[in-house]
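Engineer: Quick one, structure for this:
(chains A, B and C)
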Amino acid sequence: MWFRYPERHGFPALEGINLRVEEGECVALVGPNGAGKSTFCRLINGLLLPNRGKVITCGMDTADPSSLAEIRRCAALVLQNPDNQIIGATAEDDVAFGLENFAIPQEEMRLRVEEALASMHLTRLRHREPHLLSMGEKKRLNLACALAMRPRLLVSDESTSMLDPPTRSETFCLISRLREKTGMTVIHATHQPEEIMACDRVLVLQEGRLVFDGGPGEFFEKGGPATEIGLRPPALFLLARELQAKGIPMPRRVLRAEEVAESLWASS
Amino acid sequence: MGLKLKGVAFTYLPGTPMAREVLRGVDLELRPGEICCLMGRTGAGKSTLLQVMCGLLPPTSGEVTLNLHPARGSRAASPSHVKHVAMLMQSPQKQLFAETVEKDVAFGPRNLGLKGEEITRRVTESLSAVGLDPGTYAPRSPFSLSEGEMRRVAMAGVLALQPLYLLLDEPSSGLDQEGRECLHGTLESLRGEGKGILLVTHDWEEVTRLADRVALLAEGNILLSGSKEKVATSVEELRRAGLQPPPLVEVLAVLRREGFKLPAYASRPGEAASLISEALGGGKP
Amino acid sequence: MKSLNRISLGQHYPVASPVHRLDARVKIIAALAMIAAAFAAGRAAGVVILFLFALAVIYLAKLPPLQVLSALRSVWILLLITALAQLLFSPGRELWRWGPLVITNTGLENGALYTLRLAMAVILICLLTMTSSSVDILNALESLLSPLRLLRFPIRDTAMVLAIALRFLPALLSRAGEISRMQEARGADFSGGRLLRRARSLLPLFVPLFVSCFRDADELGTALASRGYREGRGRTRYRNASLGAADALALAMVAAVIVLSLRLP
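Structural biologist: Numbers count the residues shown, from 1 in each chain, chains lettered A, B, ... in the order given. Model (predicted):
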């Protein structure tokens, strides 16, 4: 779906990144603050261009000015602070903003706006002004705006980090369900162990270099990359590991308390 | 003795069509030498509660007393409140404004009316307390620092007031593991010095590590307050507050419902694993 | 913040009324035309007719009349000065004298005329802003000024800048409130004090506000670019801005009233 070749941007924000993300994958992007996650995200949709090498998103080279518009439609970027992405004076207007930019005809626009608002449960808030929305609602609005463009790739630069845990898991759930429904690719930069666990693949950036590329189970292994960058594994994962050590078989990946209980029940 | 709230209620914009009752009758006490964690959903009124406790907002009804002296509305009018109770809001790095770190940290003491040597001493002490070397950091511009460093400078700015009580609104949100460790260390040593700390948090790990007491804010009231074991296992109250219990407690709860004989609380995965494997009869060899 | 809650001068008063439903372009044209007519009318009677029409519109728009008239409070000094200047210094047949002060018949008439004109201008602008949302007004301005594009004036982008500024105003105000509370928590006192000291004491408020604004502006630029906004490029419009029968009728009525006011002897 999109590739990367050895490239280097700025001084020395990112170096020697060479990887490929397939369509439909859910990738967690991890690393300490300042490691280059934001740069990475902005390289994908052509906001930044590499000094060396190429970034090919949805089959188009970001260095080609004539493809930039289509790239930005195809790869939607959602940022951390929801306020700075809301342009419209009402929720509805904001969703329409992106569509207006791409000169989508009015009939089609109305359809997509309805669709996007409904999928994010925002229909009854359509006339609400942004400063009257809660954080969770603003985040859903950001996602609705991204969805209205019918992207094939969703890039989230720590978009769940300003939320409280219940809202965070709701939002992440929405993203996962969307992925299942549409087969969208997701690249999610995050610090949250539970979210990393839920992804298929983990990329770790440290000081601009890619230091790990593998599955979450591997990532959270004792003494593995997670420990190196100081990220604590999710509590349930640790529990499963301890139980495994005591001879009780546990699945490699546990996301919810019920899963742990089921495995225990099965083995008793 | 202590920072006491009795029947504190607060309504935003009372008497207008936009009136919103945020706090309904809060009773809470913060004692010196303890860390109390305040939990609740975003929008439950935690930030408002902190501001009322700090004397920034006058309660619509009820009273806030500090060592038996009632607070009087604005901070300017309650000098003892300013001296003894300090607060750090969310994203505290937003409040930095001075040309050097030193001047910014000195802002608080200067407002207290202190002079020269005393100010310098406090600045140096506070910077060290948050893990920033005064020699290196004092002359630098706050805007040249990383996010984590800026937060520490903001904390130092508040510590320089040498308050008896510290109210912190989600100080660890957005910090990476290293920053969090450093913060926790600082808070533990502040508690050791006899300060009373109220910490707003969502993080059960933080609660497990630091809390002497936990209070749950929801529906404008303190729904529950007590030890971390008590609050973590009070499923009904947590549900009303819109919060999830810690994952380990959830697992234990599910197993207990299935009939296993297990306690309701475990603070560490290792502990939980031992309890569970015992209950299962030792597991397979 | 309190100031966000009081109904301030000219702020959008959302109520369902036939005037609110009119296209903003019609309202802008009507307001400007009526103001022009008020200043062109030679006799006070003409202006009075326009004034009565404005009152009728206020009633139709279901706006609280006292609120609208209170808009005049902010310019009462100007009104008073204008009235006095005309009253006391116009040449004409003398009606009354008190020492050096003379009031003539033309003085009376001019006093009424000029005062009414000014009052009309204020009330009409108020009517406009109270019956149209700022977004509608901006879109209308953009549409009306679009011929300027021929002169290479960046109308679309200017309108976008203004629209964004409007959208972020409440957020900016609340950010300012937040920062001032943060500094008050450190003992800052933003109330009172002599002018110079007060200006300096606002530094802890303004510096962080500016810094955060710049950071946000940066992110906003990223968001704009990511969402496909390109300067000067064609965009379709979500909101329909088509004129209807009511708009035509309104314009006709306004034209009639203006003609009447100008033709009065």
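Engineer: and the longest helix seen in chain C, does that touch chain A?
Structural biologist: Longest among the helix segments of chain C by residue count, using DSSP state H, is helix C:155-184. Yes - shown here: helix C:155-184 in contact with chain A (CB under 8 Å from any CB of the partner chain) through C:Ala163, C:Ile164, C:Leu166, C:Arg167, C:Pro170, C:Ala171, C:Ser174. All C-beta atoms are positioned from the backbone trio N, CA, C, and that covers glycine.
Engineer: Would you list the buried entries among these?
Structural biologist: The neighbour count (16 or more other CB atoms under 10 Å in any protein chain shown) marks C:Ala163, C:Ile164, C:Arg167 as buried among the residues of helix C:155-184 next to chain A.
Engineer: Save the residues you listed as TSV, and put in pLDDT too.
Structural biologist: Putting these into TSV (pLDDT from 0 to 100) gives the following:
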residue	pLDDT
C:Ala163	81
C:Ile164	84
C:Arg167	82
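Engineer: ok, so of these, who is nearest chain A?
Structural biologist: Comparing those against chain A with CB to the nearest CB places C:Arg167 closest, at 5.2 Å.
Engineer: Not counting sequence-adjacent ones, nearest residue to that closest one?
Structural biologist: The spatially closest residue to C:Arg167, leaving aside those adjacent along the chain, is A:Ala89, at 5.2 Å (CB to CB, 6 or more residues apart in numbering or on different chains).
Engineer: you'd agree that neighbour is in a strand?
Structural biologist: No - assignment of A:Ala89 by DSSP: H, G, I helix; E, B strand; the rest coil gives coil, placing it outside any strand.
Engineer: Backbone dihedrals for it, please?
Structural biologist: Geometry field for A:Ala89 lists phi and psi as phi -80, psi -20, criterion degrees, to the nearest 10.
Engineer: Equivalent analysis for A:Leu77, please.
Structural biologist: Dihedral angles phi and psi of A:Leu77 (degrees, to the nearest 10) take the values phi -110, psi 130.
Engineer: could you list every residue that touches the residue lying closest to it once chain neighbours are set aside?
Structural biologist: Nearest-residue entry for A:Leu77: C:Ser226, 4.3 Å, with adjacent residues in sequence omitted and distances by CB to CB, 6+ apart. With contacts taken as CB atoms under 8 Å, 6 or more residues apart in numbering or on different chains, C:Ser226 has the following neighbours: A:Asn45, A:Leu47, A:Arg72, A:Ala76, A:Leu77.
Engineer: A:Ile87 versus the first one, what's the distance?
Structural biologist: Taken as CB to CB, to the nearest Å, the spacing of A:Asn45 relative to A:Ile87 amounts to 17 Å.
Engineer: try the second one
Structural biologist: A:Leu47 is 16 Å from A:Ile87, where distance means CB to CB.
Engineer: any idea which helix or strand carries A:Val186?
Structural biologist: Assigned by DSSP states H and E, A:Val186 belongs to strand A:185-189.
Engineer: Contacts for that strand, please.
Structural biologist: Surrounding strand A:185-189, the residues in contact under the criterion CB under 8 Å, 6+ apart are A:1, A:21-30, A:37-38, A:40-41, A:44, A:152-160, A:175, A:179, A:195, A:199.
Engineer: switch to 6 Å and redo it
Structural biologist: A:1, A:23-29, A:37, A:153-158, A:179 (CB atoms under 6 Å, 6 or more residues apart in numbering or on different chains).
Engineer: just curious, which of the residues you listed is nearest to chain B?
Structural biologist: Taking CB to the nearest CB as the measure, chain B sits nearest to A:Glu158 out of these, at 9.0 Å.
Engineer: Just confirm the closest one contacts A:Gln80, I think it does.
Structural biologist: Yes - under the criterion of CB atoms under 6 Å, A:Glu158 is in contact with A:Gln80, at a separation of 4.4 Å.
Engineer: What is the burial count for residue 121?
Structural biologist: Answering for chain A, as no chain was given. The local packing of A:His121 (other CB atoms under 10 Å in any protein chain shown) involves 13 other residues.
Engineer: other chain: chain C
Structural biologist: Other residues near C:Ala121 number 18, with proximity taken as other CB under 10 Å.
Engineer: Please report the distance of it from chain A.
Structural biologist: With distances taken as CB to the nearest CB, to the nearest Å, C:Ala121 is found 27 Å from chain A.
Engineer: show me what contacts that residue?
Structural biologist: With contact taken as CB under 6 Å, 6+ apart, C:Ala121 is in contact with C:Ile35.
Engineer: and the gap between it and C:Thr115?
Structural biologist: Shown here: C:Ala121 relative to C:Thr115, a distance of 11 Å by CB to CB.
Engineer: In space, what's closest to the residue in the stretch 51-200 of chain C positioned nearest to chain B - neighbours in sequence excluded?
Structural biologist: For the stretch 51-200 of chain C, the residue positioned closest to chain B under CB to the nearest CB is C:Gly187, at a distance of 3.1 Å. In this structure, C:Gly187 finds its nearest non-sequential neighbour in B:Asn111, 3.1 Å apart by CB to CB, 6+ apart.
Engineer: List phi and psi for the one you found.
Structural biologist: Backbone geometry at B:Asn111, expressed as degrees, to the nearest 10, gives phi -70, psi -20.
Engineer: What pLDDT does the model give it?
Structural biologist: Taken from the predicted model, the pLDDT recorded for B:Asn111 is 85.
Engineer: So it is in contact with C:Asp189, correct?
Structural biologist: No - using CB under 6 Å, B:Asn111 is not in contact with C:Asp189; the gap is 7.4 Å.
Engineer: and these two? which has more neighbours close in?
Structural biologist: When neighbours are counted by other CB under 10 Å, B:Asn111 and C:Asp189 differ, and B:Asn111 comes out ahead with 20 against 15.
Engineer: That one and chain A, how far apart?
Structural biologist: From B:Asn111 across to chain A, the span is 30 Å (CB to the nearest CB).
Engineer: What separation is there between that residue and B:Gln90?
Structural biologist: Per CB to CB, B:Asn111 is found 22 Å from B:Gln90.
Engineer: for C:Arg93, same thing?
Structural biologist: For C:Arg93, the distance to B:Gln90 (CB to CB) stands at 73 Å.
Engineer: between the two, who's got more neighbours?
Structural biologist: Taking other CB under 10 Å, C:Arg93 and B:Gln90 do not tie; B:Gln90 has more neighbours (18 against 8).
Engineer: what's around residue 105, how many residues?
Structural biologist: Picking chain A for this. A:Pro105: 9 neighbours (other CB under 10 Å).
Engineer: that's the wrong chain, I meant chain B
Structural biologist: As a burial measure, B:Val105 scores 34 neighbours (other CB under 10 Å).
Engineer: just checking, it touches B:Thr124?
Structural biologist: No - between B:Val105 and B:Thr124 no contact is recorded; they are 9.2 Å apart, counting by CB under 6 Å.
Engineer: A:Ser176 sits in which helix or strand?
Structural biologist: When elements are defined using DSSP H and E, A:Ser176 is found to belong to helix A:165-182.
Engineer: Quick one, grab the pLDDT at A:Cys41.
Structural biologist: For A:Cys41, the pLDDT comes out at 90.
Engineer: Done for today, thanks.
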